[in-house]
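Trainee: Predicted model and sequence below, questions to follow.
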Amino acid sequence: MQAVSLATLARRRVSLPETSIPVGRLVELPGRGRTYVTDTPGPHPDSPTIVLLHALGTTGLLTWFPTIEPLARRFRVITLDQRWHGQGIQSPEFSLVDCADDVAALVGVLGLDEVVLGGYSMGSIVAQRVWRQHPGIVSGLVLGATTDRFQLSAAERGFFLGMGSSMLALRGVSRSRTALRAARAAVGGLEPTDLHEWALRELRSTSPWAVGQALAALGRHHSRPWIGRIDVPTAVVVMMRDRVVPTARQVALARGIPGATIHEVDDGHAGCVLGAEKFVPRFVEAAATVNARRRDLSRRRPR
């Protein structure tokens, strides 16, 4: 029997949206490290900027590649690989606080005053933290498939506690150059010949250790005490068939943020890519709503 490659299996079983993939570059964040960034211009030099933050275990491009081109008709669109993901910053520990500081550092390096932040799943949690830690740079939020807290059930508490203990036992792996080389080798070498090969390489560029450590950090996330103080235009994109972050929690998050609009997508947690034909129009709509409200607020401010 002839062996079948993973890329061939992926092509048979998974339909990916056909689109161009932006070319990025490594950007040095002073005192923090280097991360992989794509920067797609908008229709005008003064187009508003949206920074997109990716989901757990993926990369900036892998979460957002179907959305970048449609968003770029209105926005300058920036993606980055977050810590321990893809070609993101490597450090002994994974911290959502550090991830938020990385975003603020990138905004400064790019010479931007303020940005709209768009997040998906883990990326939306990082976006919440950026507003909390650096409110002066955030002019709006678009939060997809997210919550203000995990560990609400006994099963969840047990899962995240176990994950945290496992990551403690494997702490030395995070300092291993071998693990780092193995993950990053996945994005080196020859250029992939199709979208499925590229997607598999992006997935392989994040090590299982990174996913586990990030998951343990997500289990400690708790923004409920301050989420109601968010004071920038916010839209929440709710995945209506989500089995990872229950839909009810996504709706509850939206209701906890003053003035947040809700934009429903009839798909599950992987819908940002596998259901792109449904997700992308709703995410673009949510971002446009935030931008319109942001402009309106700006006009109302006393000069």
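Mentor: Sure, I can see it.
Trainee: hey, where'd the helices end up in the protein?
Mentor: Secondary structure of the chain (DSSP state H): helices at 6-13, 60-71, 96-109, 122-133, 154-169, 177-185, 195-204, 208-219, 224-227, 247-256, 271-274, 276-300.
Trainee: Now do the buried residues in the fourth one.
Mentor: Read that as helix 122-133. Met122, Gly123, Ser124, Ile125, Val126, Ala127, Gln128, Arg129, Val130, Trp131, Arg132 (16 or more other CB atoms under 10 Å). The way it works is simple: take the backbone N, C-alpha and C, and place the C-beta from them, glycine included.
Trainee: what does stretch 239-259 give?
Mentor: Those would be Met239, Asp242, Val245, Thr247, Arg249, Gln250, Ala252, Leu253, Ala254, Ile257, for stretch 239-259 by 16+ other CB under 10 Å.
Trainee: circling back: of all the helices of the chain, which one comes closest to Pro41?
Mentor: Pro41 lies closest to helix 60-71 among the helices of the chain, at 11.2 Å (CB to CB).
Trainee: Could you name the helices and strands sitting against the closest one?
Mentor: Under the contact definition 3 or more CB pairs under 8 Å, 6 or more residues apart in numbering; DSSP states H and E, helix 60-71 sits against strand 33-40, strand 49-53, strand 76-80, helix 195-204, helix 271-274, helix 276-300.
Trainee: Please name the nearest non-neighbouring residue to Arg25.
Mentor: Taking CB to CB, 6 or more residues apart in numbering, and ignoring the residues beside it in sequence, Arg25 has Val37 as its nearest neighbour in space, at 6.3 Å.
Trainee: My error: substitute Trp84 in the last question.
Mentor: Ala210 (3.7 Å).
Trainee: quick one: that neighbour and Glu93 touch, right?
Mentor: No: contact criterion CB atoms under 8 Å: Ala210 and Glu93 do not qualify, at 11.5 Å.
Trainee: So between these two, which is more surrounded?
Mentor: Using other CB atoms under 10 Å as the criterion, Ala210 and Glu93 rank with Ala210 on top: 25 against 12.
Trainee: Tell me the pLDDT of the more buried one.
Mentor: Looking at Ala210, its pLDDT reads 84.
Trainee: follow-up on the earlier one: how near is the residue nearest to Trp84 to Asp267?
Mentor: Remark: distance between Ala210 and Asp267 (CB to CB, to the nearest Å) = 26 Å.
Trainee: ditto for Pro208
Mentor: 26 Å.
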